[in-house]
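Student: curious how this folds, go ahead:
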Amino acid sequence: MPAIISLFVAVTLSLLVTRIASEALTLTGLSRQSARFQARSAFTGSGFTTQESEGVVNHPVRRRIIMWLMFLGNAGIVTVISSVVLTFVTTARSEQWILRLLLLFLGLALLSLIIRHRGFNRYLNRLVRWALRSWTNLDVRDYANLLHLKGEYRVMELQVNSSDWLANKQLHQLRLKAEGIMVLGIQRQDKTYIGAPNGSTYIRPLDLLILYGRKTALLELDSRRDDLTGEIAHEKAVRIQKYIMQEQAEQDVTSSESLSSH
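Tutor: Next up, the predicted model:
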């Protein structure tokens, strides 16, 4: 009986470890389905090679989670195997074999029902997520992967000074979208955060802007001053963006024609 209990404890702990790891991976930006797959794969040592796996390995926080999973997984599997062997090898009489097999199957069936219960899963997910947010610092998302940042495109912070071209204007006056730049958020000096600001939002001195766009365009915007040269630079940036959009449109047409020909 002690061996069977130790088996159930090992299986329960294994399931709990993978659930915690799944939630931790979710906090780093992975989808819930991908996080569960990667956690179970690492814990069981399956070693599936996928594009998602490469994203996990290249992310420092995810890599640390996977390393702990691999370590605990090896220890857990050894414990389970040793418990099963101990249970059946130390028992000689057939009636005890049957009884222990019955207890083993009933216990695993009960554990499976509990794990699949939606209410239990919902409560456990909330508890694990609360614990991870309270006692760890895992909210480190791989924004480059989430936004599919490739080539020259970047997410960049820009501090607004009083002499900048951006200062003391509304977003619709700046026409940053015409330059191929998107304002994802604004951090005010008083720590107020404005997410997905609209056109009527004012840009104030000392604001911290979170911008998305081409690196060269973002760097040029950061050096732009509130004078005639700033307006000239803005118009030039708009023309460059129009040229880029035209090139992209021509590439799309060419690609569509190539696909239709096949």
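Student: would you state the helices of the protein in chain order?
Tutor: 2-27, 32-44, 51-58, 60-89, 94-116, 118-135, 143-146, 171-174, 215-222, 228-261 (DSSP state H).
Student: which stretch in those helices is the model least sure about?
Tutor: For the helices of the chain, mean pLDDT drops lowest on helix 143-146, to a mean of 58.
Student: can you get me a residue count around residue 174?
Tutor: 18 (other Cβ atoms under 10 Å). Quick note: C-beta positions are derived from backbone N, CA and C, even for glycine.
Student: the one 10 residues further on now?
Tutor: Residues near residue 184, counting by other Cβ under 10 Å, number 14.
Student: what are the bridge partners for the residue nearest to it when sequence neighbours are not counted, then?
Tutor: Closest residue to residue 184 apart from its sequence neighbours, by Cβ to Cβ, 6 or more residues apart in numbering: residue 210 at 4.5 Å. Counting by DSSP bridges, residue 210 is bridged to residue 157, residue 185.
Student: right, and residue 210 touches residue 159 too?
Tutor: No: counting by Cβ atoms under 8 Å, residue 210 does not reach residue 159; the two are 11.2 Å apart.
Student: who has more neighbours out of the two?
Tutor: Higher neighbour count among residue 210 and residue 159: residue 210, with 16 against 12, using other Cβ under 10 Å.
Student: and the pLDDT at that one?
Tutor: pLDDT, residue 210: 91.
Student: got a list of contacts for stretch 191-203?
Tutor: Outside of stretch 191-203, the residues within contact range by Cβ atoms under 8 Å, 6 or more residues apart in numbering are 160, 166-172, 174, 183-188, 209.
Student: try 6 Å
Tutor: Stretch 191-203 is contacted by residues 160, 166, 169, 170, 171, 172, 183, 185, 186, 187 when judged by Cβ atoms under 6 Å, 6 or more residues apart in numbering.
Student: of those residues, closest to residue 223?
Tutor: residue 166 (11.3 Å; Cβ to Cβ).
Student: so what's the residue count around the closest one?
Tutor: Residues near residue 166, counting by other Cβ under 10 Å, number 24.
Student: so who does residue 171 touch?
Tutor: Contacts of residue 171 by Cβ under 6 Å, 6+ apart are 199, 201.
Student: please redo it, this time with the cut-off set to 10 Å
Tutor: 177, 183, 186, 197, 198, 199, 200, 201, 202, 203 (Cβ atoms under 10 Å, 6 or more residues apart in numbering).
Student: the residue lying closest to residue 205 once chain neighbours are set aside and residue 168, how far apart?
Tutor: Closest residue to residue 205 apart from its sequence neighbours, by Cβ to Cβ, 6+ apart: residue 162 at 4.1 Å. Here the criterion is Cβ to Cβ, to the nearest Å. By it, residue 162 lies 8 Å from residue 168.
Student: between those two, tell me which one has more neighbours.
Tutor: With neighbours defined as other Cβ under 10 Å, residue 162 and residue 168 compare such that residue 168 has more, 13 against 10.
Student: what's near enough to touch the more buried one?
Tutor: 160, 162, 202, 203, 204, 205, 226.
Student: and the second one, what is it in contact with?
Tutor: With contact taken as Cβ under 10 Å, 6+ apart, residue 162 is in contact with 168, 204, 205, 206, 226.
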